[in-house]
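Visitor: Kindly generate the corresponding structure for this input.
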Amino acid sequence: MKKSGKSIYAIIAAILCAIIVLGAAAGCNKTPANNDPGTGENTEAPVDTATEEPEVPKYKVLAHWKLQNQEGYYTGSVDDDTIGFKDLSGNGNDLIAKVAGNGDQLDIFSWDNDVDSAAFKFGSGLKFNNTKALAATVDPYKASETSYTGGYTSGKYLETVKGAPINSSTFDGGFSIEVIFKLSKDLDNEYNRYTGMFSRQGVIEDQNEPPFSIAISEWNNDAATGTINENETWLQLLIVNDYTKLNHEMDEILVAADTWHHVLITLDDLGKVLVYLDGEKLFDTWSGFEGIFCTDPDFSWEVGVGRKFGGDHKTDSKNENSPEGMIRRLFAGSIAEIRITDKPIEVADSLFASEFIKEK
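Guide: Model prediction:
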């Protein structure tokens, strides 16, 4: 009887162990079965144990400024013209306000809230009131006193801080640069034409141009006021080095004042340049450039100013020729956003696609 009892206990113990083992095995299945209650069939998808390759980003944002009245975008104040703008890419390419001539006596910056919300996603921009009429209130000079400035150049603009990474970058892998802007009806053909909206400092003497500039060109003046008023103009693209100059005046499409526009310039590492205005391609060409020439890594990028090499020309006494180039013109109008990436991009990836809402 004792021998038989031990056998029964051994059998019971074996059964319990089997139940425990089976239960433990069932608990390892971390993906529970998805049983179809209608058919009772197991519809569980097989588990893919392969490691997915990380998606390679199309481009890297090198600098990004939103010149808009939104907390977190700017520092200082437009009320006293101490405004500055943070580089939203996080790369430290912040913008600060700078003075030309007697511009410290002038109220130049203000918020431009005249944005049609049905057409655009952004709600404001920075207005540059660099007009000839305003400059004349602090500069009693005649146009004959200078050959480049039209008489006087006093106002304000923006530039990247010293040591900003893009100040020394040559963009060897190509780039895209885009600007959302609006021209002022008070643009004066003598005082404002050929001014840069976004440019690199460091005028190259032999070419008498900066290495890169997106600028405004010429237009017909309003006969009564001498300003652009209801007339239209075109833009200018400059890409320059010691040997080559690409000077393209975008006369394919005229640009009206008091209307928001988007311009996109791209360059690939083989020298292919494309220009888009409001999502439409205006120009493409092969050039001798694979990046943007850097005359000095200490020179900045700037918003709202045009420069030339002074040389033997007269300069107005407030803006003497400097290694960065003589301040020749200042911008009148508004700018809402500027972005630079390390590769050429398509319109679908641009600020035009993300910030402009096309009307049907």
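Visitor: My guess is Trp219 contacts Ile228. True?
Guide: Yes: counting by CB atoms under 8 Å, Trp219 touches Ile228, with 5.0 Å between them. Heads up, the C-betas are built off the backbone N, CA and C, glycines and all.
Visitor: Show me which of those two is the more surrounded one.
Guide: Each of Trp219 and Ile228 had its neighbours counted (other CB atoms under 10 Å), and the higher figure belongs to Ile228 (29 against 21).
Visitor: Next SSE downstream of the lengthiest strand in the chain?
Guide: When every strand of the chain is counted residue by residue (DSSP state E), the longest turns out to be strand 245-256. Under the assignment DSSP states H and E, the closest C-terminal helix or strand after strand 245-256 is strand 261-267.
Visitor: Now do that following strand: which elements does it pack against?
Guide: With contacts defined as 3 or more CB pairs under 8 Å, 6 or more residues apart in numbering; DSSP states H and E, strand 261-267 has these neighbours: strand 175-183, strand 232-240, strand 272-277, helix 351-355.
Visitor: Please identify the most buried of those.
Guide: With neighbours taken as mean count of other CB atoms under 10 Å, these reach their highest mean count in strand 175-183, at a mean of 24.
Visitor: which strands and helices sit next to it?
Guide: Based on contacts counted as 3+ CB pairs under 8 Å, 6+ apart, the elements that strand 175-183 packs against are strand 125-129, strand 196-200, strand 212-219, strand 261-267, strand 332-341, helix 351-355.
Visitor: how about low-confidence regions in the chain?
Guide: Low-confidence segments of the chain, defined by pLDDT under 70: 1-51, 140-151, 310-321, 358-360.
Visitor: all helices for it, in order.
Guide: In the chain, the helices defined using DSSP state H lie at 2-27, 132-135, 165-168, 351-355.
Visitor: hang on, the earlier thing: in TSV: the helices and strands packed on strand 261-267, plus distance to Ile327.
Guide: Putting the helices and strands packed on strand 261-267 into TSV (distance: least, CB to CB, whole Å) gives the following:
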stretch	distance to Ile327
strand 175-183	20
strand 232-240	16
strand 272-277	26
helix 351-355	28
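Visitor: To Gly202, which of these lies closest?
Guide: Between Gly202 and the helices and strands packed on strand 261-267, the shortest gap by CB to CB is with strand 232-240, which sits at 9.9 Å.
Visitor: Relative to that closest one, what are the paired strands and their orientations?
Guide: When pairing is defined by DSSP bridges, strand 232-240 lines up against strand 212-219 (antiparallel), strand 245-256 (antiparallel).
Visitor: List the buried residues for the last one?
Guide: When you say that, I think you mean strand 245-256. Going by neighbour count (16 or more other CB atoms under 10 Å), the buried part of strand 245-256 is Lys245, Leu246, His248, Glu249, Met250, Val255.
Visitor: ok, the residues you listed vs Thr137, which is closest?
Guide: Taking CB to CB as the measure, Thr137 lies nearest Val255 of those, at 28.1 Å.
Visitor: Run through the residues that contact Ile239.
Guide: Residues counted as contacts of Ile239 (CB atoms under 8 Å, 6 or more residues apart in numbering) are Pro211, Phe212, Lys245, Leu246, Leu267, Val273, Ser287, Phe289, Ile292.
Visitor: what's the distance between the residue lying closest to it once chain neighbours are set aside and Phe181?
Guide: Distances taken as CB to CB, 6 or more residues apart in numbering place Leu246 nearest to Ile239, at 4.4 Å, with adjacent residues excluded. In this structure, Leu246 and Phe181 are 21 Å apart, going by CB to CB, to the nearest Å.
Visitor: now do Val275
Guide: As judged by CB to CB, Val275 and Phe181 stand 14 Å apart.
Visitor: How about Phe283?
Guide: Separation of Phe283 from Phe181 (CB to CB) stands at 18 Å.
Visitor: Also Ser213?
Guide: Distance check for Ser213 against Phe181: by CB to CB, it reads 13 Å.
Visitor: And for Ile83?
Guide: Relative to Phe181, and taking CB to CB, Ile83 is found at 17 Å.
Visitor: likewise Tyr74?
Guide: For Tyr74, the distance to Phe181 equals 17 Å [CB to CB].
Visitor: ok, how many other residues are close to Tyr243?
Guide: Here the neighbour count serves as a burial measure; for Tyr243 (other CB under 10 Å) it reads 10.
Visitor: And for Val56?
Guide: A count of neighbours around Val56, defined by other CB under 10 Å, yields 5.
Visitor: Pop out the phi and psi values for it.
Guide: Note on Val56: backbone dihedrals following degrees, to the nearest 10 are phi -80, psi 120.
Visitor: which neighbours do Trp219 and Ile228 share?
Guide: Shared between the contact lists of Trp219 and Ile228 (criterion: CB under 8 Å, 6+ apart) are residues Leu187, Asn189.
Visitor: Leu282 contacts Val273, correct?
Guide: No: taking contacts as CB under 8 Å, Leu282 lies outside contact range of Val273: 11.0 Å.
Visitor: what's the longest strand of the chain in contact with?
Guide: 183, 207, 209, 216-217, 230, 232-240, 261, 273, 275, 277, 280, 282-283, 285, 287, 289.
Visitor: Restrict it to CA atoms and write it as CSV.
Guide: Listed next in CSV are the C-alpha coordinates belonging to strand 245-256 (Å, rounded to 0.1, in the frame of the first residue of the first chain):
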residue,chain,number,x,y,z
LYS,A,245,28.9,86.2,-61.9
LEU,A,246,25.4,85.0,-62.3
ASN,A,247,23.2,88.1,-62.5
HIS,A,248,19.6,87.2,-63.3
GLU,A,249,16.9,89.8,-63.3
MET,A,250,13.7,87.9,-63.1
ASP,A,251,11.7,89.9,-65.6
GLU,A,252,9.5,86.9,-66.6
ILE,A,253,6.9,87.9,-64.0
LEU,A,254,6.5,91.4,-62.6
VAL,A,255,5.8,91.8,-58.9
ALA,A,256,3.2,94.2,-57.5
